[in-house]
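Participant: What follows is a predicted structure for the sequence shown.
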Amino acid sequence: GGVEVLPKVEGVAEAPSVLEAGRVAYIHGHDGDMWGARNPLVGIVEPDGSARLLGAALDRPVGDWALDDLSGAAFSPWAPLWDGDGVIVVGPDRACTRLLRLGLDGSHRWLTPHGPCVSSPVRVGEAMVGLQGFHDRFLEVARVDGDATVMSRHNDALAADLAPRVPESVEVVVDGVTVQGWYLAARGRTTPGPAVLYVHGGPHTAYGTRLFFEMQWLADEGFAVTWTNPRGSHSFGEAYAACIDPHWGDPDARDQLAFVEHMAARPEVDAARVGITGGSYGGFMTIYMTAHHQRFSAAVADRGLYDWALDAAGGDFGHALPETFGVDLPWRDPAPLMKYSLLRVAHQVRCPTLIVHGDLDLRCDRTQATALYETLLRAGVTTALCLYPEENHGLSRGGRLDRRKERMRQSAAWFRRFL
């Protein structure tokens, strides 16, 4: 009935897994790394009370960081799975979520190949199973044994009906750095037509090899689609992820523009009819890109952070700004945060811009959306604001289905009208 505080490496500990021998494994977050640019690792607490970390030399984060709008696996801490003298964890590697074994002796071994995403490992008797995802198939249960073998067929009929497609893998080199992404042509289009760039949130997450329904659907609606993992994304190493903090938009804007030009050069894309969209950090980048680069003909900014000072007073992580970016709170020193505010440059936006936000968003308070709307309206920009009642920051992934569908219809209608 007593409480004993276990020792741990300084930082945040979550998702513990206890071995009968008295060892505890957990997911370790680095102290002061509130925004998550550094790689989460595995912490081990030994029976003698000593504590240490596993996996640092691999330079890959532990956890599922591959975004999609169906499974909701991203950001969910999955407790390490004990495996003899080691633990099995989920570990993304260059945008592919894989299973990874970390030995207590410091060794590491990937248990699944680079390709399809495999996550959520559990033991079933002597076997280990997980969830396997593909670009063109819905998640299914798979047995993991040196590879991953799909065991269930729950969604075959749905996949046959919707016929999702495998996007083309694309790599571009920017500033000497290879940046990875995907391209999906509008279904059946052979003549030049409109295209859309998707920017992911986080910023320290990544798109992965999972089916992303919204991209597939928009391509079926007649738009070519590109989505990328620019600098700032997880699963390519800490240096790759951290290089954009605190100056969001540099250098990742250059990465995004390179993919836009790659897409615009295709014969089925009209280079003058390119739109941009994204949620959270992707919403921030949508306004950043349209304010600094007159390359886009339409934009949909979704649940974005547009002003740091407002976020310090309204968002659920604004309190972490001083520790994360080395700036003071705005009521003490407003100048540093004003430097990064998009409201300061939003009057430079020229393309029609739809603003989408959940009315109960705690991550990026609705004031972010209303302030941007007022700024664009006063600047004479064609704009509209869609606020969704009772919805929070995860509207596009876990919101009520009728609102999720309406949000997608609004976005497609905006692009159809202005592209």
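Facilitator: Received, thanks.

Participant: His293 against Gln256, yeah?
Facilitator: No - under the criterion of C-beta atoms under 8 Å, His293 makes no contact with Gln256, lying 9.2 Å away. Where C-beta positions appear, they are placed from N, C-alpha and C, glycine not excepted.

Participant: Those two: which has the busier surroundings?
Facilitator: Gln256 (27 against 15; other C-beta atoms under 10 Å).

Participant: isn't there a strand covering that one?
Facilitator: No - applying DSSP: H, G, I helix; E, B strand; the rest coil, one finds Gln256 to be helix, outside a strand.

Participant: Please renumber the chain so that the first residue is 388 from this point on.
Facilitator: Will do, 388 is the new start, and the previous item becomes Gln643.

Participant: Quick check, it in contact with Met672.
Facilitator: Yes - using C-beta under 8 Å, Gln643 is in contact with Met672, at 7.0 Å.

Participant: Can you work out which residues contact both of the two?
Facilitator: Counting by C-beta atoms under 8 Å, 6 or more residues apart in numbering, the shared contacts of Gln643 and Met672 are Val586.

Participant: Run a quick neighbour tally on the nearest residue to Met602 once chain neighbours are set aside.
Facilitator: Among residues not flanking Met602 along the chain, Val612 sits closest, at 4.9 Å (C-beta to C-beta, 6 or more residues apart in numbering). Neighbour count for Val612, taken as other C-beta under 10 Å: 25.

Participant: which of the residues in the helix or strand that contains Val612 are buried?
Facilitator: Using DSSP states H and E, Val612 sits within strand 611-616. By 16 or more other C-beta atoms under 10 Å, the buried positions in strand 611-616 come out as Ala611, Val612, Thr613, Trp614, Thr615, Asn616.

Participant: just stretch 627-646 next, same as before
Facilitator: 627-631, 635-636, 638-646.

Participant: quick one: pLDDT of the residue nearest the centre of the chain?
Facilitator: With distances taken as C-alpha atoms, centre = their mean, the residue of the chain nearest its centroid is Thr592 (3.8 Å). Thr592 carries a pLDDT value of 92.

Participant: now it: how far from Val528?
Facilitator: 24 Å (C-beta to C-beta, to the nearest Å).

Participant: next one: Ala800
Facilitator: Distance of Ala800 to Val528, computed by C-beta to C-beta: 37 Å.

Participant: Which of the two has more residues huddled nearby?
Facilitator: Per other C-beta under 10 Å, whichever of Ala800 and Val528 has more neighbours is Val528, with 17 against 12.
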